[in-house]
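Visitor: Need coordinates for the below:
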Amino acid sequence: MAKSIQRFANPARFMALSGAVLPWAIAATALTLSVGLYLALIASPPDYQQGETVRMMYVHVPSAWLASAGYASMALACAVGLIWRHPLAFASAKAMAPLGAAFTFLALVTGSLWGKPMWGAYWVWDARLTSVLVLFFIYLGYMALWEVIEDFGRAARATSVFCLAGAVNLPVIRFSVDWWNTLHQPASVARLDGPAIHSSILTPLLVMAVGFTLLFIVLTLVRTRTEIMQRRAAALEMQQAQAGGA
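Guide: Prediction:
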């Protein structure tokens, strides 16, 4: 496994591979989101109880999914970086953080807008809502830690430890509806006895989830490539400065 990680963690190989994959990934993302938005906003029927407000779900649920999945991906990248000392793993985790924070913020905002007609309030200190808000602050703390430590190596190690410590919040988010009495309904898609949502609503929801996931992957690749190029530029500037000083 270490050899496989070593092979794909090479920045030059990553730049070549991601450059070849990106155009196809962008096309797949655009197509999937276009189909998903059509199904969600036009083709799918209103809910018999929630009416047209159910359409908020097609943005809220994929955003909430990526809030947690994005952080789990960051934690995995940080663990790989700490164990095998690969700068690319640290760079990819750093690239994911603003994306995960953005999806978390979107989940909180759409959840509040959806909660008003459903619960009668924009915000309640529900276990799920509170744990997702904590996740948003963890994202912000991770990004702030990168900013205050100038040395890349020290920043990478400190942020990775912080990220892994913050990962304990993920099972709290996942099982909060089971551990506490919350306003959120239990899982209705990933169930052992099958989804509890009608296919007319489930299909656009799954398509939107795939589209959001592809968007996250594309933006992560773009941001990681940008991080690599910025580090190369900084290294080149340092070499030129040292050469000029000599």
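Visitor: Run through the residues that contact the residue nearest to Ala93 when sequence neighbours are not counted.
Guide: Using Cβ to Cβ, 6 or more residues apart in numbering and skipping the chain neighbours, the partner closest in space to Ala93 is Ala77 (3.9 Å). Any C-beta I mention is one placed from the backbone N, CA and C, and that applies to glycine too. With contact set as Cβ atoms under 8 Å, 6 or more residues apart in numbering, Ala77 has these partners: 89-90, 92-93, 96.
Visitor: would a markdown table of these with neighbour count, pLDDT and distance to Leu206 be doable?
Guide: Converted to a markdown table, the contacts of Ala77 look like this (neighbours: other Cβ atoms under 10 Å; pLDDT from 0 to 100; distance: Cβ to Cβ, whole Å):
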| residue | neighbour count | pLDDT | distance to Leu206 |
| --- | --- | --- | --- |
| Ala89 | 23 | 94 | 30 |
| Phe90 | 24 | 95 | 33 |
| Ser92 | 25 | 95 | 26 |
| Ala93 | 28 | 97 | 27 |
| Met96 | 26 | 98 | 23 |
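Visitor: what about Leu236, distance to Met229?
Guide: Between Leu236 and Met229 the computed distance is 10 Å (Cβ to Cβ, to the nearest Å).
Visitor: swap that for Ala91, sorry
Guide: Using Cβ to Cβ, Ala91 is found at 11 Å from Met229.
Visitor: who has more neighbours, those two?
Guide: Ala91 (25 against 12; other Cβ atoms under 10 Å).
Visitor: which residues does that one contact?
Guide: Counting by Cβ under 8 Å, 6+ apart, Ala91 touches 224, 227-228, 231.
Visitor: right, and the helix or strand after the lowest-mean-pLDDT helix or strand in the chain?
Guide: The helix or strand with the lowest mean pLDDT-type score in the chain, counting by mean pLDDT, DSSP states H and E, is helix 2-8 (a mean of 57). Read in the C-terminal direction, the helix or strand following helix 2-8 is helix 11-38, with elements assigned using DSSP states H and E.
Visitor: Now that following helix: buried residues?
Guide: Neighbour counts over helix 11-38 (16 or more other Cβ atoms under 10 Å) mark 11, 14-15, 18, 25, 29, 32-33, 35-37 as buried.
Visitor: Now the next helix or strand after that helix: average pLDDT?
Guide: For helix 11-38, the following helix or strand on the C-terminal side (DSSP H and E) is helix 57-84. Looking at helix 57-84 alone, the average pLDDT works out to 95.
Visitor: try stretch 157-177
Guide: Per-residue confidence for stretch 157-177 averages out to 93 on the pLDDT scale.
Visitor: so where's this protein shaky on pLDDT?
Guide: In the prediction, the chain carries residues with pLDDT under 70 at positions 1-9, 48, 178-198, 244-246.
Visitor: for the protein, which helix is longest?
Guide: Of all the elements of type helix in the chain, the one with the most residues (DSSP state H) is helix 199-245.
Visitor: tell me how far that helix is from the chain's mean position?
Guide: Using Cα atoms, centre = their mean, to the nearest Å, we find the averaged C-alpha position of helix 199-245 to lie 12 Å away from the chain's own average C-alpha position.
Visitor: which residues touch the spatially most central residue of the chain?
Guide: Most central in the chain under Cα atoms, centre = their mean is Gly70, positioned 2.8 Å from the mean C-alpha point. The contact partners of Gly70, by Cβ under 8 Å, 6+ apart, come to 96, 99-100, 103-104, 216.
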